[in-house]
Every structure is written in structure tokens, then in C-alpha cells.
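Visitor: Sequence and predicted structure, then a few things I'm wondering about:
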Amino acid sequence: MRLFITGVAGFLGSHLADRLLADGHEVVGMDNFLTGRPANIAHLTGHKRFAFFEHNVTQFLFLDGVVDGVFHFASPASPRDYLEMPIQTLKVGSLGTHKTLGLALAKRARYLLASTSEVYGDPGVHPQPETYWGNVNPVGPRGVYDEAKRFAEAMTMAYHRSHGVDTRIVRIFNTYGPRMRALDGRVVSNFIVQALKGEPLTIYGDGAQTRSFCYVDDLVEGIVRLFERGSHEPTNIGNPGEFTVRQLAEKVIALTGSKSPIVQEPLPEDDPRQRKPDIARATRELGWEPRVALEQGLVRTIAYFRQELGGGRD
């Protein structure tokens, strides 16, 4: 198939491109490098089945030739990014989703939207099934990301119902792995970089809030299965293993051999207290479940950041 990925130079988009190329597909990637990095796709330069063009997905979008699938992965996705770029975040979730759905409609292509567990907000239900409507503050600082994705889901369903577009919606829970950006506001990369530099690991509040961490290879496997044989219903893809933020910090310190202390800072506004996916739908419909344990994934990710930082700690 000939497949199109927006946000291809991002953490997830680049891994998805690698997987689709490995499966024998042709990939056309697009990015405007707002948060994506050229280094993430540098290894694909010259690949005979990969093409790239730089473009802002919120602008007019057209591709020549056949397009069999559209993966809309463009968006600021880390807390630091969407708090610093609130307007761009809202525009890529609204205008960008509109442009990519229009392309899918014109090309009669299957469409997959990268949504997020943030649509559940600070959840009142635990773990979070796809049937839960969420608890989101639309006017809080995190609302620019949460509501952008909720709107994107609504528009995707509207194109499915009104125009018959073959759609998929993946709700991505906390994912980590190589090619994350250092200190981008995501807890795993923050902790690893701080530990390798011998700096204090910063937790917010008392660190008792929980997260569920999915290694990137597991996530991409789930996304591919959803694209190939999933339904139009939103589908959670994430690792249901639940850890407190403090437990994560302690694991990173142990695995890096760091002497870094843990320090506390005030809890950000609307920070979710719990986050854990109910993956019953993905297991039942896709035969998917994560395979990489947190410690195993952290070892791989730490090795990546050691190289990125020029060796890190001895």
C-alpha cells in the first residue's frame, strides 16, 4: 500500500514509518518540524519506498497518485510543547484533522487518527474504558491539547458517518522509547536525562499519581493491527501496568546507577491523578497486548539517551 503519515519526524511518527516500510509498504511522510526532528528520519534518506516533504498540515493539502491510508500523527504532544504552543496545538487538531480527512475522502483511503488518553482528563473512572466520556477542564491550560484531540475524534466520526470514510481512532496512553526529545516535559525522558546528568529528579506533588507506560514497539504493533483489522470505534492502546511517578523515578535511578536525589515541586493544574488503560477492546478485537516490561523498555531508552548525551554517566 501507499501510506501517508503526518508528523513523520516525531517520536511516534518515525517509528511508525520504520514499521510500515519494514512491512513492505510505500510511505510518504510530512512534517513541518515544529516539534519533529530531522534526525529521526535521517536514516530513511535514499530509501526507495520513502518520500518526504516539509509542509504544515493546517494548510491546503494535496498528494498526487494513489493513497491507500492516512495516519494523522502531527501534533505537539508533550506538556511542555502544548503549553508553549497552545494555538498551534488547537489548529493541528482542528484544521489539520479537517485537511487530512478531506484527503482520505478524496483518495478513498483508510484513515487513522492518533488521539490520546488525555481525552479522559482527570478520570473519575479507573481504569479508563473507551466508553468513558472523560473529565476535562476545557478552559484550563491543558485544555488546548485535550479539547483539540476530542474535537479531532468528533470530526473523524462525522466523516465516517456522513461521508463513509473508513476510519480508526487510537487513544494512545503514555508511550516511551528511543527518539524522545530530552526534557520535553514527558516524565520518562525527563527522569532519564536528569539521572544521567546527575541532576535532581523532579516530581510534582508527592509523586503518588499513577501512570501506565507503554514501550514504543508495543504501541506501533497495536496501531498497525488497528489500521489493518480494527473498527471505527475508539481503541485504547497502552500498557495497563500501573506505577506511581515516584516508583518510576526510583527505577530510573537504579537502572542508571545515578546518585540523583528526588525533589518535589507543586502539582500542575489539572494534572491527572490516575491513568491506566482498559485494553479489553484491543485484546478482544486485535489480539493485542503489550509484551515489553517497564524495566526492559527503560534499559533500551536509557541506552539511547546515553548516546544522545555523549555518554552520560560512567
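Guide: Here it is on my side, so go on.

Visitor: For the nearest residue to Phe53 once chain neighbours are set aside, what is the enclosing helix or strand?
Guide: In this structure, Phe53 finds its nearest non-sequential neighbour in Met30, 5.8 Å apart by C-beta to C-beta, 6 or more residues apart in numbering. In short, each C-beta sits where N, CA and C put it, glycine included. Per DSSP states H and E: Met30 is located in strand 26-31.

Visitor: Pull out the buried residues from the helix or strand just after that strand.
Guide: Later in the chain than strand 26-31, the nearest helix or strand by DSSP H and E is strand 50-54. Neighbour-count burial for strand 50-54 flags 50, 52 (criterion: 16 or more other C-beta atoms under 10 Å).

Visitor: Now for Glu289, how many residues are close by?
Guide: 13 (other C-beta atoms under 10 Å).

Visitor: now it: how far from Arg225?
Guide: Distance, Glu289 to Arg225, using C-beta to C-beta, to the nearest Å: 11 Å.

Visitor: if I look at these two, which residues touch both of them?
Guide: Shared contacts of Glu289 and Arg225, defined by C-beta atoms under 8 Å, 6 or more residues apart in numbering, are found at Ala282.

Visitor: Now do the domain split for this structure, please.
Guide: As given by automatic domain parsing, the domain ranges for the chain are 2-175+214-237, 180-211+241-275+292-308.

Visitor: ok, which stretches of the stretch 51-200 of the chain are helices?
Guide: Secondary structure of the stretch 51-200 of the chain, counting by DSSP state H, counting those that start in this stretch: helices at 79-84, 86-107, 143-163, 187-196.

Visitor: just the CA coordinates of the second one, formatted as CSV?
Guide: Spelled out, that is helix 86-107. The C-alpha trace of helix 86-107 is given here as CSV (Å, rounded to 0.1, in the frame of the first residue of the first chain):
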residue,chain,number,x,y,z
PRO,A,86,-1.4,26.4,22.5
ILE,A,87,-2.7,27.9,19.3
GLN,A,88,-0.7,25.6,17.1
THR,A,89,-1.9,22.6,19.1
LEU,A,90,-5.6,23.6,18.6
LYS,A,91,-5.0,24.3,14.9
VAL,A,92,-3.4,21.0,14.1
GLY,A,93,-6.2,19.1,16.0
SER,A,94,-8.9,21.0,14.1
LEU,A,95,-7.7,22.3,10.8
GLY,A,96,-5.1,19.6,10.4
THR,A,97,-7.7,16.9,11.1
HIS,A,98,-10.0,18.5,8.6
LYS,A,99,-7.4,18.7,5.9
THR,A,100,-6.3,15.0,6.4
LEU,A,101,-9.8,13.7,6.5
GLY,A,102,-10.5,15.6,3.3
LEU,A,103,-7.5,13.9,1.7
ALA,A,104,-8.7,10.5,2.8
LEU,A,105,-12.2,11.2,1.4
ALA,A,106,-10.8,12.3,-1.9
LYS,A,107,-8.5,9.3,-2.2
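
Visitor: Touching the host helix or strand of Ala17 from outside, list them.
Guide: Using DSSP H and E, Ala17 sits in helix 11-22. Applying C-beta under 8 Å, 6+ apart, the external contacts of helix 11-22 come out as 3, 5-8, 27, 29, 31, 36, 40-41, 44, 47, 49-50, 71, 73-74, 77, 114, 172, 175, 177, 179-181, 216-217, 219-221, 223-224.

Visitor: just the CA coordinates of that helix, formatted as CSV?
Guide: The C-alpha trace of helix 11-22 is given here as CSV (Å, rounded to 0.1, in the frame of the first residue of the first chain):
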residue,chain,number,x,y,z
PHE,A,11,8.9,10.3,18.1
LEU,A,12,5.9,8.1,17.2
GLY,A,13,5.6,9.0,13.5
SER,A,14,9.2,8.0,12.8
HIS,A,15,8.8,4.6,14.5
LEU,A,16,5.5,4.0,12.6
ALA,A,17,7.3,4.8,9.3
ASP,A,18,10.0,2.3,10.1
ARG,A,19,7.4,-0.4,10.8
LEU,A,20,5.3,0.3,7.7
LEU,A,21,8.4,0.3,5.5
ALA,A,22,9.6,-3.0,7.1
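
Visitor: What count of nearby residues applies to Gln307?
Guide: By the criterion of other C-beta under 10 Å, Gln307 has 11 neighbours.
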